[in-house]
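>>> Quick one, fold the following:
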Amino acid sequence: MRTLCDVCESAAAILFCAADEAALCRACDDK
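Next up, the predicted model:
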């Protein structure tokens, strides 16, 4: 099961940002 992005909640998360404690997809990470 894939983890969803904590920001947009629609794309699969590709990384975990320790500073934000959030899983992010590529598009949200670029923001």
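
>>> and the residue nearest the centre of the chain, what does it touch?
The structure's the chain has its C-alpha centroid closest to L24; by CA atoms, centre = their mean the separation is 1.2 Å. Contacts of L24 were listed using CB atoms under 8 Å, 6 or more residues apart in numbering, and they are C5, D6, V7, A13, I14, L15, F16, C17. C-beta here means a position set from N, CA and C on the backbone, and glycine is covered the same way.

>>> So what's the residue count around the first one?
Neighbours of C5 under the rule other CB atoms under 10 Å: 21.

>>> Surely it and F16 touch.
No. C5 is beyond contact range of F16, at 10.7 Å (criterion: CB atoms under 8 Å).

>>> Which residues are in contact with each of the two?
A23, L24.

>>> Show me which of the contacts of L24 is closest to K31.
For those, the minimum distance to K31 (CB to CB) is 7.8 Å, reached by V7.

>>> just checking, the closest one touches C28?
Yes. Between V7 and C28 a contact is recorded at 4.1 Å, counting by CB under 8 Å.
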